[in-house]
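# take this sequence and fold it.
(one chain, ligands or ions: 1)
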Amino acid sequence: MKDYFDFAASTPVSLQVLEAMKTWETDNFANASSAHQAGQASHQAIQKAREIIADKIGALPSEIIFTSGASEANNFAIKGLAFKHLDKKGHIITSSIEHKCILNTCAFLESIGFDVTYLAPDSYGRISAASLNEALRSDTILISIHHVNNELGTIQPIAEFGAIAFENGVPFHTDAAQSFCKCAIDVDDMDIDMLSLSGHKIYGPKGIGALYLRNARDSELVPLIHGGGQEGGLRGGTSPTPLIVGLAAAAECYPTEPSPDEQRFFNAIKEFEYTRNGGVDVVPTTWSVTFKSDDDVKSFTHNNPWLISQGSACNALSNVASHVLIALGMTEEQARRTYRISLPPYQISWK
Ligand SMILES: *Cc1c(COP(=O)(O)O)cnc(C)c1O
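As a prediction, this is how the structure comes out:
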């Protein structure tokens, strides 16, 4: 797709990934829960994929639960934990600039009696560890703060959040849909108890993701989908072998070098007056750009047939200013002059 610069919204499936998936769509389509040889071959392909994903984040294969994507993984982490506390309810800490699937999950939990604190970012989109410390209460049951922001590219100090969560005995969940494969992650070093990831942000297929769940076998997380015992009884439904194999292939084949395509964007943006949002700790492939004037916006968008987003793809059709940009302190007018250009993602050098 020419002129596509919306890779934070979705990526194509790479040819290597497609190749890896093919045989599980056609030659061997057996149900991974079947006892016969073909079923067991599917089962083994899934176990191999579990190992690959686990390896990427320093987890154990048994701690990876496949889901339909990061939205489901986020719902599962937050509701699954909250549902253990339905009697007394409790307090959840998140941020005001999470993906809508987190914010709407939290809003739902508020509607049934949970308390939620939404930490505000600074004007660069960074959540501070100090604000997390201040928000903690004796009845806090969960901290959920994303790793890399999908609209700004800002990298949050999740190891600091993890350390605070650990010291206080509160589970820490992070939405890593925008950082998995791009940034180094070690769930032990970073004290992460749950982590969500998605296939279609890393050149894998849509409709697959995973939740990392510490000590999943002993976890009492309440399933969202009760079923036939798949995924250790935590997520029912026939395992989508091709999608799971595709997710692992995407993680394995993830590019380590930037794509030459991004040069076209750098050449184009040079001509304009703009500020880049998101501060200094940002991934190099997500650019949130506020143009200085409406004329700049017009000539940038009219002269270039870019496929890009204002805010994120999820907000794009609603014509409402992005909640993330407003949380930075922007006026609606500034938010309107702001575009997200997201370049083909690759692994950034480990810091
Ligand atoms: C894309 C995205 C999601 C949703 O992932 P799906 O796999 O499409 O459900 C959640 N959080 C963030 C930060 C994302 O970028």
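# average model confidence for the helix or strand hosting residue 53?
Using DSSP states H and E, residue 53 falls within helix 37-57. Here helix 37-57 scores 98 as its mean pLDDT.
# run the chain-centre distance for it.
Here helix 37-57 is found 22 Å from its chain centre; the criterion is Cα atoms, centre = their mean, to the nearest Å.
# pull out the buried positions in that helix.
39, 41-43, 45-46, 49-50, 52-54, 56-57 (16 or more other Cβ atoms under 10 Å). No exception for glycine: its C-beta is placed from N, CA and C like everyone else's.
# can you list these in JSON lines and add distance to the ligand?
Formatted as JSON lines, those follow (distance: Cβ to the nearest ligand atom, whole Å):
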{"residue": "39", "distance to the ligand": "27"}
{"residue": "41", "distance to the ligand": "27"}
{"residue": "42", "distance to the ligand": "22"}
{"residue": "43", "distance to the ligand": "24"}
{"residue": "45", "distance to the ligand": "21"}
{"residue": "46", "distance to the ligand": "18"}
{"residue": "49", "distance to the ligand": "16"}
{"residue": "50", "distance to the ligand": "18"}
{"residue": "52", "distance to the ligand": "18"}
{"residue": "53", "distance to the ligand": "14"}
{"residue": "54", "distance to the ligand": "19"}
{"residue": "56", "distance to the ligand": "16"}
{"residue": "57", "distance to the ligand": "16"}
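# give the buried residues for stretch 334-351.
Neighbour count says stretch 334-351 has 334-346, 348 buried, by 16+ other Cβ under 10 Å.
# ok, of those, which one's closest to residue 250?
residue 345 (10.9 Å; Cβ to Cβ).
# helix, strand or coil for that closest one?
Three-state call for residue 345 (DSSP: H, G, I helix; E, B strand; the rest coil): coil.
# need the contact partners of the helix holding residue 53.
24, 28, 30-34, 59-64, 66, 180-181, 185-187, 195, 197, 210, 212, 239, 241, 244-245, 247-248, 251-252 (Cβ atoms under 8 Å, 6 or more residues apart in numbering).
# just give me the neighbour total for the closest residue to residue 272 other than its chain neighbours.
Nearest non-adjacent residue to residue 272, counting by Cβ to Cβ, 6 or more residues apart in numbering: residue 296, 4.9 Å away. When counting by other Cβ atoms under 10 Å, one arrives at 17 neighbours for residue 296.
# ok, residue 296 touching residue 275?
No - judged on Cβ atoms under 8 Å, residue 296 makes no contact with residue 275 at a distance of 11.2 Å.
# near the ligand, which residues of the stretch 101-250 of the chain are found?
Within the stretch 101-250 of the chain, the positions near the ligand by Cβ under 6 Å from any ligand atom are 101, 146, 150, 175, 177-178, 198, 201, 209.
# now for these, which sits with the most neighbours around it?
residue 175 (31 neighbours).
# which stretches in the stretch 51-200 of the chain count as helices?
Using DSSP state H, counting those that start in this stretch, the helices of the stretch 51-200 of the chain run over 70-82, 100-111, 129-135, 158-168.
# so of the residues of the stretch 101-250 of the chain next to the ligand, which ones are in strands?
Counting by DSSP state E, those place 175, 198, 209 in strands.
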